[in-house]
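*Asks:* Got a sequence here, can you build the structure:
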Amino acid sequence: MNQTIAKSFKDIFSSTVIFFVAKITLISIAVTALLIWLVKDTLTHFIVGYLSWIPWEWLQTSGASVATVAIAYMLFILVLSIITSLMIEPLLIQLAKKHYPDSPVVGTPKISTSILLSLKSGFIFLLLFLFTFPVMFIPLVGAVWMLWLWSILLKAPVIYDVSALFITDKEEVKEKTKKSTIIAMIAAGFNYIPVLNIFAPVFAEILFLHHMLHKPQG
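*Replies:* Numbers count the residues shown, from 1 in each chain. Predicted structure coming up:
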């Protein structure tokens, strides 16, 4: 695991990956802004209704502000994850050739499957986030819970992206992904760091690439 993390950090700050992250971030910002503009009225009404159970008006107002920012941020993370999944293939192949030349490309992810998995994970993520929002305010528990929620957003699409390219044996994929939640939570930690949060989806892809293709010596 330590070797996997070390290799991933070395890759994530390479010029190739930084350029890729900059490109998908710009695309994601544009898509997120468009989505928020399209649903802003519905979103506002939902937040007001959602917080109506709070008996104090001042807390409703401040809670609405926090919720609006949080939901906009979560939407950006969701869009960033989906865009990353759709565009990551050439980068994963390039990194695999560099680190694992004996691991050939055996297939290619289907766009329809990638989108379906990303949307499914995103739906589960947003649903759990909206209905467990108060948990976010519990010290420590909220932070760990948020990491777990982010891991849901990352895990299934990333496992598919990597396995579809390099592994045909489903049992091998199952064996290689036993610690998938922990790995996804490690990658999700980037979401707590301003600016570096844009690296989270790509870092997850690279982490899983090294974890799934690494072959222990001996």
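
*Asks:* What's the separation between the most centrally placed residue in the chain and residue 186?
*Replies:* In the chain, the centroid-proximal residue (C-alpha atoms, centre = their mean) is residue 154; its distance is 3.7 Å. Taking C-beta to C-beta, to the nearest Å as the measure, residue 154 falls 10 Å from residue 186. C-beta coordinates here come from the backbone N, C-alpha and C atoms, glycine included.

*Asks:* Then residue 165?
*Replies:* 21 Å.

*Asks:* And the two? Which one has more around it.
*Replies:* Higher neighbour count among residue 165 and residue 186: residue 165, with 22 against 19, using other C-beta atoms under 10 Å.

*Asks:* surely the more buried one meets residue 106?
*Replies:* Yes - between residue 165 and residue 106 there is a contact at 7.2 Å, judged by C-beta atoms under 8 Å.

*Asks:* Helices of this structure, residue ranges please.
*Replies:* Secondary structure of the chain (DSSP state H): helices at 2-12, 15-50, 57-87, 89-99, 111-131, 141-166, 170-176, 180-188, 200-213.

*Asks:* tell me the mean pLDDT over the last one?
*Replies:* Mean pLDDT, computed over helix 200-213, is 92.

*Asks:* helices or strands up against that helix?
*Replies:* If you count contacts as 3 or more C-beta pairs under 8 Å, 6 or more residues apart in numbering; DSSP states H and E, helix 200-213 packs onto helix 2-12, helix 15-50, helix 57-87, helix 89-99, helix 141-166, helix 170-176, helix 180-188.

*Asks:* Helix 2-12 and that helix, what's the angle between them?
*Replies:* Put simply, helix 200-213 runs at 140 degrees to helix 2-12, going by axes from the mean of the first three to the mean of the last three C-alpha atoms, to 10 degrees.

*Asks:* Restricting to C-alpha, output helix 200-213 in CSV.
*Replies:* Written as CSV, here are the backbone C-alpha positions of helix 200-213 (Å, rounded to 0.1, in the frame of the first residue of the first chain):
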residue,chain,number,x,y,z
ALA,A,200,-9.1,13.8,-6.2
PRO,A,201,-10.7,11.9,-9.1
VAL,A,202,-7.5,11.6,-11.1
PHE,A,203,-5.6,10.6,-7.9
ALA,A,204,-8.2,7.8,-7.4
GLU,A,205,-7.7,6.6,-10.9
ILE,A,206,-3.9,6.5,-10.5
LEU,A,207,-4.1,4.9,-7.0
PHE,A,208,-6.3,2.1,-8.4
LEU,A,209,-4.0,1.7,-11.4
HIS,A,210,-1.0,1.1,-9.2
HIS,A,211,-2.9,-1.0,-6.7
MET,A,212,-4.5,-3.3,-9.3
LEU,A,213,-1.4,-3.7,-11.6
